[in-house]
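K.L.:
just a sequence and a predicted model for now, questions to come.
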There are 2 protein chains.
Amino acid sequence: MNDLAPNSPPLRVLITTGGTQEPIDEVRFLGNRSSGKLGVLLAFAAADFGYEVTLLHGHSSISPSAHPRVKTIPFTSTRDLKAKLDELWPSHTILIMAAAVSDYTPKGGQVEGKLKRGESMTLDLASTEDIVASLAGNSREDQRVIAFALELQDGLHIAGRAKLIRKGVDAIVANPLETMESSEIDATILLKDGSELSPPEQGSKAIFARWLIENLKVVTGLTSQGK
Amino acid sequence: MNDLAPNSPPLRVLITTGGTQEPIDEVRFLGNRSSGKLGVLLAFAAADFGYEVTLLHGHSSISPSAHPRVKTIPFTSTRDLKAKLDELWPSHTILIMAAAVSDYTPKGGQVEGKLKRGESMTLDLASTEDIVASLAGNSREDQRVIAFALELQDGLHIAGRAKLIRKGVDAIVANPLETMESSEIDATILLKDGSELSPPEQGSKAIFARWLIENLKVVTGLTSQGK
């Protein structure tokens, strides 16, 4: 199924999925509701398509069952994810950043032990490093980065387009916030050249994942559309 | 295996497990690292022992596989857990409160939509209702409540004993914080009468769960020790 030339090695795809956990103390953390489902489906679809796949998955996301061509590595915090991406990105060609990365982390880092119960507490949060912008900014000519934008339906395309430029990525999967915990997806892909791509029909995350992987080279500009 | 008189109906045991998630906005939440493993093992052991069991489990905890005598109900936030406990507690005799309940929740409740990324953020938290103290305080004569204390090994028994009195419960499973994400457990049970019970040997959570259920009536004072 892969349209690579017979002698070229398969492209290596790096996919992140699930949510980060920013530790507050040894028990509590700041998390997010990402199930990690879409990223796992993308990883399996990419492996089935013939790509070599590395899947970085969050701690509380659905556990990626075994696939002979998918290497899975867990991550915890934003910092941990960044360290693993820094190590893995140079040996991959395409990054699909489906993970839900925390924008904030507790100032001063994790408290040792367990904070005591009290009447109230103020949690001072600092913004985390912008991982996807940093990776996109440090990519080689042959590398491509796809990011996700989860925004309210109203203004989704404008917000997604702004994010594409701000992060310096090659494509944005723009996702309405309203479909977050649904098994369906209603996404549009915004490309760097200003164009948009939508699947022929909206449907399950599995169908969307397969469609995105089949069109991965067009989406990332590694092959022009129509070739 | 159940030592109930042949004609008495089986005792109904209500078990909570896993962590609460306090929503910050539609994506982010305040969570905790509880896996929910011990509570699921307790539920299965109790069902095998002949009790009727209802298991309230957190959203991100391990998913409780089917057991013919365990009824499972998911919970999300502390508030949601409290509402479900208020409804279920009257029809049960023993409550085993293994869930990791957040002490704090964002002041003013959940923000609609998704908070925008910024340089920093201050999260004002208010203390949640003390669920276990409230339930223990509103229990009937025939009902018993077991709570958990997760504290640093140093001072564990003193902190556990203080918690037993403060919450007004019948027993506390005192757990060192150091064994949190381990599959082993090193717990002691502190009883209302001032005595302590420990399993004959420390070991896996499965062995501990079975031992606790076999001794449930002694632990809760429904049967005196030695009878």
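P.N.:
On my side now, so go ahead.
K.L.:
close enough to count as contact, A:V40 and A:H57?
P.N.:
Yes: if you go by CB atoms under 8 Å, A:V40 and A:H57 touch, sitting 7.2 Å apart. Heads up, the C-betas are built off the backbone N, CA and C, glycines and all.
K.L.:
which ones are touching A:E151?
P.N.:
A:159-160, A:174-177, B:114 (CB atoms under 8 Å, 6 or more residues apart in numbering or on different chains).
K.L.:
again, only this time at 10 Å
P.N.:
The contact partners of A:E151, by CB atoms under 10 Å, 6 or more residues apart in numbering or on different chains, come to A:157-160, A:162-163, A:174-178, B:113-114.
K.L.:
partners of it in the sheet?
P.N.:
Applying DSSP bridges to A:E151 yields these beta-bridge partners: A:P176.
K.L.:
how much space between it and A:T188?
P.N.:
Per CB to CB, to the nearest Å, A:E151 is found 11 Å from A:T188.
K.L.:
helices of chain A, residue ranges please.
P.N.:
Ranges of helices in chain A, per DSSP state H, are A:37-49, A:78-88, A:131-137, A:156-167, A:205-214, A:216-219.
K.L.:
most tightly surrounded among the ones you listed?
P.N.:
Stretch with highest mean neighbour count among those: helix A:37-49 (a mean of 24; mean count of other CB atoms under 10 Å in any protein chain shown).
K.L.:
what angle do that helix and helix A:205-214 make?
P.N.:
50 degrees (axes from the mean of the first three to the mean of the last three CA atoms, to 10 degrees).
K.L.:
now helix A:37-49 - C-alpha only, PDB.
P.N.:
Taking C-alpha atoms only, helix A:37-49 is exported to PDB below (Å, rounded to 0.1, in the frame of the first residue of the first chain):
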ATOM      1  CA  LYS A  37      -7.500   7.300  21.200                       C
ATOM      2  CA  LEU A  38      -6.900   9.200  18.000                       C
ATOM      3  CA  GLY A  39      -3.100   9.000  18.300                       C
ATOM      4  CA  VAL A  40      -3.200   5.300  18.900                       C
ATOM      5  CA  LEU A  41      -5.400   4.900  15.800                       C
ATOM      6  CA  LEU A  42      -3.000   7.000  13.800                       C
ATOM      7  CA  ALA A  43       0.000   4.900  14.900                       C
ATOM      8  CA  PHE A  44      -1.700   1.700  14.000                       C
ATOM      9  CA  ALA A  45      -2.900   3.000  10.600                       C
ATOM     10  CA  ALA A  46       0.600   4.300   9.900                       C
ATOM     11  CA  ALA A  47       2.200   1.000  10.800                       C
ATOM     12  CA  ASP A  48      -0.300  -0.900   8.600                       C
ATOM     13  CA  PHE A  49       0.500   1.500   5.800                       C
END
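K.L.:
which pLDDT does the model give the nearest residue to A:T93 once chain neighbours are set aside?
P.N.:
Using CB to CB, 6 or more residues apart in numbering or on different chains and skipping residues adjacent in sequence, the residue nearest A:T93 is A:L11, 4.8 Å away. On pLDDT, A:L11 comes in at 91.
K.L.:
quick one: contacts for A:L11?
P.N.:
Contacts of A:L11 (CB under 10 Å, 6+ apart): A:2, A:4, A:46, A:49-53, A:92-94, A:142, A:144, A:216-217, A:220, A:222.
K.L.:
and if you look at A:M180?
P.N.:
A:32-35, A:100, A:150, B:26-27, B:114.
K.L.:
what's the farthest-apart pair in those?
P.N.:
By the measure CB to CB, A:S35 and B:K114 form the most distant pair in these, at 16.4 Å.
K.L.:
how about A:L164: what's its closest non-neighbour residue?
P.N.:
If the residues on either side of it in the chain are set aside, A:L164 comes closest to A:I172, at 4.5 Å by CB to CB, 6+ apart.
K.L.:
correct me, but that neighbour touches A:L191?
P.N.:
Yes: under the criterion of CB atoms under 10 Å, A:I172 lies in contact with A:L191, with a separation of 8.4 Å.
K.L.:
higher neighbour count, these two?
P.N.:
Set A:I172 next to A:L191 and count neighbours by other CB atoms under 10 Å in any protein chain shown: A:I172 wins out with 28 against 18.
K.L.:
can you check the pLDDT for that one?
P.N.:
97.
K.L.:
ok, the closest residue in space to A:K163 that isn't next to it in sequence - contacts?
P.N.:
Nearest non-adjacent residue to A:K163, counting by CB to CB, 6+ apart: A:A149, 4.8 Å away. With contact set as CB under 10 Å, 6+ apart, A:A149 has these partners: A:156-157, A:159-164, A:167, A:172-177, A:187-188, A:190.
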